[in-house]
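Student: Structure here, sequence nowhere to be found:
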Ligand SMILES: [Zn+2]
């Protein structure tokens, strides 16, 4: 059973971990409250540690994409 969701803020794109039972989440970076919509969920995890690792991985891959898009 999935207990943690990795979500991305609809406004600023920050990642954070939420419990699977939450209906909304507040972004730690910009304070925006978003509904826990399917399109904002980027990963699932069974433990908080696993969720943290997935966020770290997502940040690395996003930074890599940013590098590639440089002229
Ligand atoms: Zn935000």
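Tutor: Noted; the coordinates are in hand. Please read all numbers here as calculations on a predicted model, not as lab measurements.

Student: Residue 55 against residue 15, yeah?
Tutor: Yes. Counting by C-beta atoms under 8 Å, residue 55 touches residue 15, with 4.6 Å between them. Using the backbone N, CA and C atoms, a C-beta is placed for each residue, glycine as well.

Student: shared neighbours of these two, anything?
Tutor: Shared contacts of residue 55 and residue 15, defined by C-beta atoms under 8 Å, 6 or more residues apart in numbering, comprise residue 6.

Student: can I assume residue 13 sits in a helix?
Tutor: No. Under the criterion used here (DSSP: H, G, I helix; E, B strand; the rest coil), residue 13 is coil, not part of a helix.

Student: how many other residues sit next to it?
Tutor: Residue 13 has 11 neighbours, counted by other C-beta atoms under 10 Å.

Student: ok, it to residue 3 distance?
Tutor: Look at residue 13 and residue 3: by C-beta to C-beta, to the nearest Å, they are 24 Å apart.
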